[in-house]
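**Student:** pasting the sequence and the predicted model now:
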Amino acid sequence: MFAARAARQTFGLFQKRAFSASSSQLSKVAVLGAAGGIGQPLSLLLKLNPHVTELALYDIRGGPGVAADLSHINTNSTVTGYEPTPTGLSEALKGSEIVLIPAGVPRKPGMTRDDLFNTNASIVRDLAKAVADASPEAKILVISNPVNSTVPIVSEVFKSKGVYNPKRLFGVTTLDVVRASRFISQVKGTDPANEAVPVVGGHSGVTIVPLLSQSNHPSLDGEARDKLVHRIQFGGDEVVKAKDGAGSATLSMAFAGARFAESLLKAAKGEKGVVEPTFVDSPLYKDQGVEFFASRVELGPNGVEKILDVGKLPEYEEKLLEASLDGLKKNIQKGIDFVKANP
Ligand SMILES: NC(=O)c1ccc[n+]([C@@H]2O[C@H](COP(=O)([O-])OP(=O)(O)OC[C@H]3O[C@@H](n4cnc5c(N)ncnc54)[C@H](O)[C@@H]3O)[C@@H](O)[C@H]2O)c1
Ligand SMILES: O=C(O)C[C@H](O)C(=O)O
């Protein structure tokens with residue numbers, strides 16, 4: 001009886017301490033491109049996240065409108081919209097713990113993600129400069145395509161300003177993992193909540209490598225396996241085609257981006273064992289000239305805590321990986337060269 005009461009009291013005290021510790025930790029999150037197809041639902045999901053205390057919404061047009069709308073939702077965070085005034089962007093960024101970047105143009109049918117490079121490279125470069133100046137300590141989550149090139153663009157900008165920390169730069173590849181889990185559940189007639197498929201490599205076509213051998217269904221083989229791998233690699237095309245010129249995935253991407261941000265916020269507050277696949281500055285294939293690679297990454301208070309390797313792969317997946325590394329090398333170099341030529 002006494003022991004039970006003591007245990008309750010101790011637990012109550014622990015809860016109280018835990019609550020006051022986390023509630024005193026303020027988390028400002030900035031979204032750059034907040035009025036876009038991804039930006040709006042992503043900002044909505046962040047407004048619903050109790051870890052977020054301040055939401056800063058920046059866009060070249062429409063940021064304040066989206067912010068006014070979201071600010072009426074009765075969750076306990078503030079929402080402010082910012083415009084491209086002389087100080088708008090830096091005010092949005094100042095003090096941010098996390099900066100999500102979905103700014104840029106999406107694909108139309110017939111385009112590859114690389115076709116977006118000419119427009120999005122300079123958008124991401126300029127936003128990265130602003131982040132490096134106003135909130136160099138923030139964790140940066142790059143959503144704008146082509147991710148395989150835009151992430152190296154951000155790293156080059158940060159290096160040129162002397163503030164690069166590879167632990168804090170992430171290409172968001174969560175949508176590939178979300179798709180893989182959903183698509184395999186459709187093939188197997190299972191609940192996607194119980195299906196996790198590691199997806200490594202990059203975020204476009206054959207650079208996306210689903211490791212079905214490490215899923216719950218390692219014996220998937222033959223045509224069924226090939227079809228599933230292809231669907232995961234080219235899932236984005238399904239949405240681009242269905243939207244028929246009106247853009248690419250926005251809602252599923254917002255879900256994926258919000259999930260990744262939530263994982264970082266939890267890890268920042270001390271939760272252990274938070275692992276998400278993401279495209280980061282990675283030692284795994286540097287000896288083959290591939291500076292960035294998506295694999296499962298353990299997150300911690302400083303961002304990247306530990307980069308997990310891909311493990312032992314069967315021959316089929318080794319071949320997929322080879323094609324991925326080949327494509328990645330070119331995509332990454334293109335981003336690096338762009339900043340060198342257009343600082
Ligand atoms: N990483 C992924 O898995 C993934 C998934 C889906 C889409 N994407 C990419 O995300 C990007 C955005 O897609 P979308 O559907 O939201 O496009 P969108 O056109 O609907 O929205 C883009 C927003 O960016 C804003 N913008 C443009 N230039 C800006 C700048 N310099 N500063 C701030 N805001 C700026 C626009 O005003 C617009 O509101 C695209 O490049 C798309 O390919 C990535
Ligand atoms: O397919 C696209 O262009 C958008 C995004 O990268 C996706 O995977 O849905």
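**Tutor:** Looks like it came in fine. Ligands and ions are numbered 1, 2, ... in the order given.
**Student:** list the buried residues of the lengthiest helix in the chain.
**Tutor:** Assignment by DSSP state H gives helix 315-341 as the longest helix of the chain. Neighbour counts over helix 315-341 (16 or more other C-beta atoms under 10 Å) mark 317, 320-321, 324-325, 327-329, 331-332, 334-336, 338-339 as buried. (Glycine included, C-beta is placed from N, CA and C.)
**Student:** that helix: how far from the chain's middle?
**Tutor:** Remark: helix 315-341 is offset 19 Å from the chain centroid, using C-alpha atoms, centre = their mean, to the nearest Å.
**Student:** same question, stretch 220-235
**Tutor:** On C-alpha atoms, centre = their mean, the centre of stretch 220-235 falls 23 Å from that of its chain.
**Student:** give the buried residues for it.
**Tutor:** By neighbour count on 16+ other C-beta under 10 Å, the buried set for stretch 220-235 is 220, 225, 228-229, 231-233, 235.
**Student:** name the residues that touch that stretch?
**Tutor:** Stretch 220-235 has contacts (C-beta atoms under 8 Å, 6 or more residues apart in numbering) with 175-176, 179-180, 183-184, 187, 197, 199, 205-206, 208, 210, 212, 238, 316, 320.
**Student:** how about it and ligand 1, any contact?
**Tutor:** No - using C-beta under 6 Å from any ligand atom, stretch 220-235 stays clear of ligand 1, with a minimum separation of 9.7 Å.
**Student:** before we move on, what about stretch 86-93?
**Tutor:** No - residues of stretch 86-93 contacting ligand 1 under C-beta under 6 Å from any ligand atom: none, with a closest distance of 7.6 Å.
**Student:** now what about that stretch, what contacts it?
**Tutor:** Residues from elsewhere that reach stretch 86-93, judged by C-beta under 8 Å, 6+ apart: 30, 32, 56-58, 63, 80, 82, 99, 127, 130-131, 133-135, 138.
**Student:** switch the cut-off to 6 Å
**Tutor:** The contact list for stretch 86-93 (C-beta atoms under 6 Å, 6 or more residues apart in numbering) reads 30, 56, 58, 82, 130-131, 134-135.
**Student:** mind putting those into TSV with distance to ligand 1, secondary structure and neighbour count?
**Tutor:** Formatted as TSV, these follow (distance: C-beta to the nearest ligand atom, whole Å; DSSP: H, G, I helix; E, B strand; the rest coil; neighbours: other C-beta atoms under 10 Å):
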residue	distance to ligand 1	secondary structure	neighbour count
Ala30	11	strand	30
Ala56	12	strand	28
Tyr58	6	strand	30
Tyr82	10	strand	22
Ala130	9	helix	18
Val131	11	helix	25
Ala134	14	helix	19
Ser135	15	coil	23
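**Student:** including pLDDT and distance to ligand 2, could the residues you listed go into TSV?
**Tutor:** Formatted as TSV, those follow (pLDDT from 0 to 100; distance: C-beta to the nearest ligand atom, whole Å):
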residue	pLDDT	distance to ligand 2
Ala30	98	21
Ala56	98	24
Tyr58	98	21
Tyr82	98	25
Ala130	98	23
Val131	98	21
Ala134	98	27
Ser135	98	25
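**Student:** now flag whichever of those residues is closest to Val310.
**Tutor:** Val131 (29.9 Å; C-beta to C-beta).
**Student:** around ligand 2, which positions in the chain sit nearby?
**Tutor:** Going by C-beta under 6 Å from any ligand atom, the residues of the chain near ligand 2 are 106-107, 113, 145, 175, 236, 239-240, 248-249.
**Student:** quick check: of the residues you listed, which lies closest to ligand 2?
**Tutor:** Gly236 (2.3 Å; C-beta to the nearest ligand atom).
**Student:** element containing that closest one, please.
**Tutor:** Element membership for Gly236, per DSSP states H and E: helix 235-243.
**Student:** buried set for that helix?
**Tutor:** For helix 235-243, burial by neighbour count (16+ other C-beta under 10 Å) applies to 235-237, 239-240, 243.
**Student:** moving C-terminal of it, what's the next helix or strand?
**Tutor:** Sequence-wise, the next helix or strand downstream of helix 235-243 (DSSP H and E) is helix 251-268.
**Student:** same question for that next one, mean pLDDT?
**Tutor:** For helix 251-268, mean pLDDT rounds to 98.
**Student:** ok, and the closest non-adjacent residue to Ser252?
**Tutor:** Leu175 (6.1 Å; C-beta to C-beta, 6 or more residues apart in numbering).
**Student:** for that neighbour, grab phi and psi.
**Tutor:** In terms of degrees, to the nearest 10, the main-chain angles of Leu175 are phi -60, psi -30.
**Student:** and of the buried residues of helix 315-341, the nearest to ligand 2?
**Tutor:** Once C-beta to the nearest ligand atom is applied, the member of the buried residues of helix 315-341 that ends up nearest ligand 2 is Asn331, at 12.9 Å.
**Student:** how about the nearest residue to that closest one, chain neighbours excluded?
**Tutor:** Asn148 (3.6 Å).
**Student:** re earlier: and the contacts of stretch 220-235, which are buried?
**Tutor:** 175-176, 179-180, 183-184, 197, 199, 205-206, 208, 210, 212, 320.
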